[in-house]
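A.B. asks: Quick one, fold the following:
(one chain, ligands or ions: 1)
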Amino acid sequence: MSYLGMFDWYEPVPLIKCVSCEAVPADWQGKTGPNALLVWRQGHRHPVRQCADDALAGADLARFVLPERFRFYTTCENGHELLFEGRTSDGVWIDHVCLMA
Ligand SMILES: [Zn+2]
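C.D. replies: Here you go, the predicted model:
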């Protein structure tokens, strides 16, 4: 399977509120990780799952880590575009900052 042109999903913990309207958007995506339809959850070193047919699991997921800096974005239910930059420590997503609202 080729993952060309794909992306990853990002799950901030705790959830991030929109900086403009306080809606809580879901479906954060980003293209600065492995881009293999992986689901990255804050506080975890490796992806928690893969959203794909014949999804990788277990040791295969453990081959992936996030870079030191990565970006993820979404649009809230009221149309506000949100872009965040995340930071890892020892490969674990530990925090993030808002780059624009
Ligand atoms: Zn909003």
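A.B. asks: Could you pull up the residues touching the spatially most central residue of the chain?
C.D. replies: Nearest to the geometric centre of the chain sits Tyr10, at 2.1 Å (Cα atoms, centre = their mean). Residues counted as contacts of Tyr10 (Cβ atoms under 8 Å, 6 or more residues apart in numbering) are Trp28, Gln29, Gly30, Val39, Trp40, Phe72, Gly86. Just so you know, the C-beta spots here come from the backbone N, C-alpha and C atoms, and that holds for glycine as well.
A.B. asks: again, only this time at 7 Å
C.D. replies: Neighbouring residues of Tyr10 by Cβ atoms under 7 Å, 6 or more residues apart in numbering: Trp28, Gln29, Gly30, Trp40, Phe72.
A.B. asks: So it versus the ion, what's the distance?
C.D. replies: Computed as Cβ to the ion, to the nearest Å, the Tyr10 to the ion distance reads 17 Å.
A.B. asks: Quickly list what that residue is bridged to.
C.D. replies: Beta-bridge pairing for Tyr10 (DSSP bridges): Trp28, Trp40.
A.B. asks: Roughly how far does it sit from Glu77?
C.D. replies: Tyr10 is 18 Å from Glu77, where distance means Cβ to Cβ, to the nearest Å.
A.B. asks: where do the strands sit along the chain?
C.D. replies: Using DSSP state E, the strands of the chain run over 8-11, 28-30, 38-41, 49-50, 69-75, 81-89, 92-100.
A.B. asks: Of these, flag the one that's most buried.
C.D. replies: When the strands of the chain are scored by mean count of other Cβ atoms under 10 Å, the highest mean neighbour count falls to strand 8-11 (a mean of 22).
A.B. asks: As TSV, the strands of the chain with distance to Ser20 would be great.
C.D. replies: As requested, the strands of the chain are exported to TSV (distance: least, Cβ to Cβ, whole Å):
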stretch	distance to Ser20
strand 8-11	19
strand 28-30	16
strand 38-41	24
strand 49-50	30
strand 69-75	11
strand 81-89	8
strand 92-100	11
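A.B. asks: need these in TSV with mean pLDDT, can you?
C.D. replies: Shown next, in TSV, are the strands of the chain (pLDDT from 0 to 100):
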stretch	mean pLDDT
strand 8-11	98
strand 28-30	98
strand 38-41	98
strand 49-50	96
strand 69-75	98
strand 81-89	97
strand 92-100	95
